[in-house]
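Asks: I need the structure of the sequence given here:
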Amino acid sequence: MATPAKKYLFESAFDTYTEVGIIGHGGSGTVLHVKNEYGSSYALKYLSPQNVTTQKLKRFKNELSFCEKNTHPNILTIIDSGFIAFKRTKCPFYVMPLFKGTLRDLMKEKIPVDKILPLFSVVLNGVEAAHKQKIWHRDLKPENILHDTANDQLVVADFGIAHFEEDFLHTMIDTEPHERLANFQYAAPEQRQRGASVDHKADIYALGLILNEMFTKNVPIGTNYKKIGDVTADYKYLDSLVELMLSNSPERRPDNISAIKKELIAKGNQFIIEQKLSNLKKTVIPRSEIDDPLVISPPQVKEVDYNDRVLILKLDQIVNNLWVGQFHNPRQSYSCPMGLGPDNFHIQGNIASVRVEPDMSQKAVDQFKIYADWANHSYKREVQRDMEVKEKQEKEQLRIKIKKEEERQDILKNIKI
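Replies: Numbering: from 1, shown residues only. A predicted model of the protein is given here:
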């Protein structure tokens, strides 16, 4: 009778995980299905003993550090980590949510044509979120894009060979010439050349391959490949974009994922989400989301002082001219004691002051709070309106630009030299 294979036990500082089965083996690690002490299922990735080298430990640490801090919904988030000893070798591991499938699985099931771009846009969101933090993946492929069946979301995973900016993680290392940077089938031309510089443009190349494959079931090879227009006329316009993304020269590819998104938006794909790096939240957020400290945390009175018939109110943050303008010109009708109208308050930086008699000082504080509350609401409306107007103008300008370029290309096709 065969002896059952040994099941490993992984202990972190706060939980214990028991192996249920093997999900898969990667270039340097193994991914397991595990359960914790409460019976909840997770996926666990550990660095195999034979791969515990200085270089791969640093890469594992980079991936762990980035994904532990991640809050973006389309990038894998690590929820726990620790070490396990295999024959005296200390091997790091991390725990992540258990996903039932990958983009590869979805592609095998045949994605409905009208759902391909919405799914692809989610992949763009995840990769762009990494790029905006100066991190490029360098090993994008359908197998590394996990599918959350519960929410029908895609999550970019496996940043094991990603490039991390030195000021973000101080363990960045060079890749040895003999080490393969990426899955050969999805590798950009520069990744196949020893000593060539590999940056975010390699990810754009891989995304071009994936986009074409999602429609045609074929990974483009050379120039004579099956195009999207050969499968569906409605999305033929994507072929020129894919061609740019697959340029052998990185310089000819789109500058960034934002440029790809703008092309898709100009073609009427309004579900595409533009993103930006939030300095406040230290993460990547939708561009339409307000990222203004005066909106996220409306100014409040922090301290009060009184000196020589002048009431001084200190706010918890500095306000700008737009906020001050909303304060001094409230849209609401109001009545107030003489000398305590909005214009009577002088505001500069985070200090407001007003001349007032001692017996009216509390009333002045109360009036200021009322005006400040009105200003906070009006300021938020103005910021939102300005963002919407700017976004609408940019989309229209982009639409006109692309239309002119299409007209130019159509004319050039019919000119014979």
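Asks: could you list the low-pLDDT ranges of the chain?
Replies: Applying pLDDT under 70 to the chain flags residues 1-6, 27-28, 164-183.
Asks: could you chop it up by domain?
Replies: With domains defined by automatic domain parsing, the chain comprises 9-96, 101-173+183-286, 293-392.
Asks: any idea how many residues pack against A43?
Replies: By other C-beta atoms under 10 Å, 20 other residues sit near A43. Where you see a C-beta, it was placed from the backbone N, CA and C, and this is true even at glycine.
Asks: tell me the spacing between it and H200.
Replies: For A43, the distance to H200 equals 27 Å [C-beta to C-beta, to the nearest Å].
Asks: try E303
Replies: 47 Å.
Asks: so these two - more neighbours on which side?
Replies: Set E303 next to H200 and count neighbours by other C-beta under 10 Å: H200 wins out with 22 against 11.
Asks: against which helices or strands is the longest strand along the chain packed?
Replies: As assigned by DSSP state E, the longest strand anywhere in the chain is strand 16-25. Identification of packing neighbours for strand 16-25 by 3 or more C-beta pairs under 8 Å, 6 or more residues apart in numbering; DSSP states H and E yields strand 9-11, strand 29-35, strand 41-47.
Asks: L277 is in what secondary structure piece?
Replies: Here L277 sits within strand 275-278, counting by DSSP states H and E.
Asks: which strands or helices does that strand pack on?
Replies: helix 113-131, strand 283-286.
Asks: and those: which comes nearest V31?
Replies: helix 113-131 (18.7 Å; C-beta to C-beta).
Asks: ok so, going back, please identify the most buried of the helices and strands packed on strand 16-25.
Replies: Stretch with highest mean neighbour count among these: strand 41-47 (a mean of 22; mean count of other C-beta atoms under 10 Å).
Asks: returning to what we had before: rebuild the domains of the chain as JSON lines, extending it with distance to E406.
Replies: JSON lines is the format used below for the domains of the chain (distance: least, C-beta to C-beta, whole Å):
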{"stretch": "domain 9-96", "distance to E406": "30"}
{"stretch": "domain 101-173+183-286", "distance to E406": "9"}
{"stretch": "domain 293-392", "distance to E406": "21"}
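Asks: so which of those domains is nearest K403?
Replies: Per C-beta to C-beta, nearest to K403 of those: domain 101-173+183-286, 8.2 Å.
Asks: any idea how far that closest one is from the chain center?
Replies: Centroid separation for domain 101-173+183-286 versus its chain: 13 Å, with C-alpha atoms, centre = their mean, to the nearest Å.
Asks: thanks a lot, catch you later.
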